[in-house]
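>>> Just a sequence and a predicted model for now, questions to come.
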Amino acid sequence: DSILVEVGYKSEGIIVGRELKTDNGQADGLKLGDELLVYVITREDDDGRLVLSLRRTQSARQWIDLEEARKKNETVEVVVVESNNGGIICELGDGIRGFIPTSQPDASRVYPDGKRVVGRDISKEVQNRLSSLVGEKIKTGIIELDRDKNRIILSEKMVTQERDIKKREETLKKIKDGDVLEGRVSGIAPYGIFVNAGGLEGLVHLSELSWDKVLDTGSLFKVGDKVKVQVLGISDAGKRVAYSVKRLQDDPWSDAISKYKIGDIVDGEVQKVVHYGSFVRIGQGLNGLVHISEMSNELVNDPHDIVKEGDKVKVKILSISKTERHLGLSLKRV
């Protein structure tokens, strides 16, 4: 019904009664020689003994364990209990709470497309996503720990970024140009898409997305899509990685162009009008240029005066370049 403890004081200490009880059953299974963290209730009882407690050390033990975790950069699992405009409040156990600022959860949890959005107010969307996390377990790292102020600042990004860095280093060690990787779309830009494959993020340039002409990257992919890519090149210790999607697909150009020859007059559709002419599609994956000089027998100052996007036209094939995948077309020679 009691435990005697040597603490280096003039007398032994004693833990008895309700002071033995802990939520984690720490007093169960103790044996001689075990080290304990104890709380001093009083320095001397009627028998001259130090009166100690195990029960009252639970919070202190938690803080000591957290400090060890911070020093060793260990992961701390927390439960989300509340959200506010600044971030999310988490329970670490024994009534101890920590805070994860909005900037510190993994971006995929906070932002609708998995990336921080610039120039658009998405505060309401972010708040809704933070609120939906209540009850979830999250693995975090400790940014700041101050027991006196009861202040614990946590970060999920510390854990995910470290994991991604390790994964990236492993991938870099074993891949080479020409390898095929499976990844996910991590970002979309007008000039291409970013793909994270094995922790290694790289760019699939617009010209490497499809054998067909791509006018809108967002029409082909969205953030989170699974995609296979071929490694085209790695430079600057992996900081610059070039991927290709189209090189894993059959090139339809060679088969498609075999149906045509120079001099053929064919039906087409205007895909784009530019200041030097217009691009016309004559078949799946076959786009050719009608130069401004081939638009009319009259002088043309603005190609928009002759055609507009979506127009159905007849064109004559002037040239075919298989190496450059280029078609020269004419409107005026039809």
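Happy to help now that I have it. Residues are numbered from 1 along each chain as shown.
>>> what residues are up against the residue nearest to residue 212 when sequence neighbours are not counted?
Distances taken as Cβ to Cβ, 6 or more residues apart in numbering place residue 285 nearest to residue 212, at 4.8 Å, with adjacent residues excluded. Every residue, glycine included, has its C-beta placed from N, CA and C. Residue 285 makes contact with 211, 212, 252, 253, 256, according to Cβ atoms under 8 Å, 6 or more residues apart in numbering.
>>> Quick check: the fourth one vs residue 213, distance?
Distance, residue 253 to residue 213, by Cβ to Cβ, to the nearest Å: 11 Å.
>>> and the residue nearest to residue 212, what are its phi and psi?
phi 80, psi 0 (degrees, to the nearest 10).
>>> tell me the pLDDT at it?
Confidence at residue 285, expressed as pLDDT, is 70.
>>> Just list whatever residues bridge to residue 138.
Assessed by DSSP bridges, residue 138 has beta-bridge partners residue 78.
>>> Tell me how many other residues crowd it.
Taking other Cβ atoms under 10 Å as the criterion, the count of residues near residue 138 is 19.
>>> wouldn't it be in contact with residue 105 here?
Yes - assessed by Cβ atoms under 8 Å, residue 138 is found in contact with residue 105 at 7.4 Å.
>>> and for these two, which residues touch both?
What both residue 138 and residue 105 touch, as defined by Cβ under 8 Å, 6+ apart, is the set residue 156.
>>> the helices in the stretch 51-200 of the chain, which residues?
For the stretch 51-200 of the chain, helices defined by DSSP state H, counting those that start in this stretch occupy the ranges 58-72, 107-110, 123-131, 157-174.
>>> Could you export those as CSV, including mean pLDDT, distance to residue 280 and mean neighbour count?
Formatted as CSV, these follow (pLDDT from 0 to 100; distance: least, Cβ to Cβ, whole Å; neighbours: other Cβ atoms under 10 Å):
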stretch, mean pLDDT, distance to residue 280, mean neighbour count
helix 58-72, 85, 64, 14
helix 107-110, 73, 42, 18
helix 123-131, 79, 41, 15
helix 157-174, 79, 42, 14
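>>> and those as JSON lines, adding distance to residue 231?
Below are the helices of the stretch 51-200 of the chain laid out as JSON lines (distance: least, Cβ to Cβ, whole Å):
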{"stretch": "helix 58-72", "distance to residue 231": "36"}
{"stretch": "helix 107-110", "distance to residue 231": "24"}
{"stretch": "helix 123-131", "distance to residue 231": "34"}
{"stretch": "helix 157-174", "distance to residue 231": "10"}
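>>> Of those helices, give the one that comes closest to residue 199.
Nearest to residue 199, of all those, is helix 157-174, at 3.1 Å by Cβ to Cβ.
>>> which non-adjacent residue is nearest residue 79?
Nearest non-adjacent residue to residue 79, counting by Cβ to Cβ, 6+ apart: residue 91, 4.7 Å away.
>>> and the one you found, what are its bridge partners?
When bridges are taken as DSSP bridges, the partners of residue 91 come out as residue 79, residue 97.
>>> Go ahead and confirm it touches residue 99.
No - using Cβ under 8 Å, residue 91 is not in contact with residue 99, being 11.3 Å away.
>>> Which one's more surrounded, these two?
Counted by other Cβ under 10 Å, residue 91 and residue 99 do not tie: residue 99 has more neighbours, with 18 against 14.
>>> so how far is residue 155 from the more buried one?
Note on residue 99: its distance to residue 155, by Cβ to Cβ, is 10 Å.
>>> Then residue 91?
Distance, residue 91 to residue 155, by Cβ to Cβ: 17 Å.
>>> thinking again about what came up before, residue 253 and residue 213: who's more crowded?
residue 253 (18 against 15).
>>> any idea of the pLDDT on that one?
On pLDDT, residue 253 comes in at 73.
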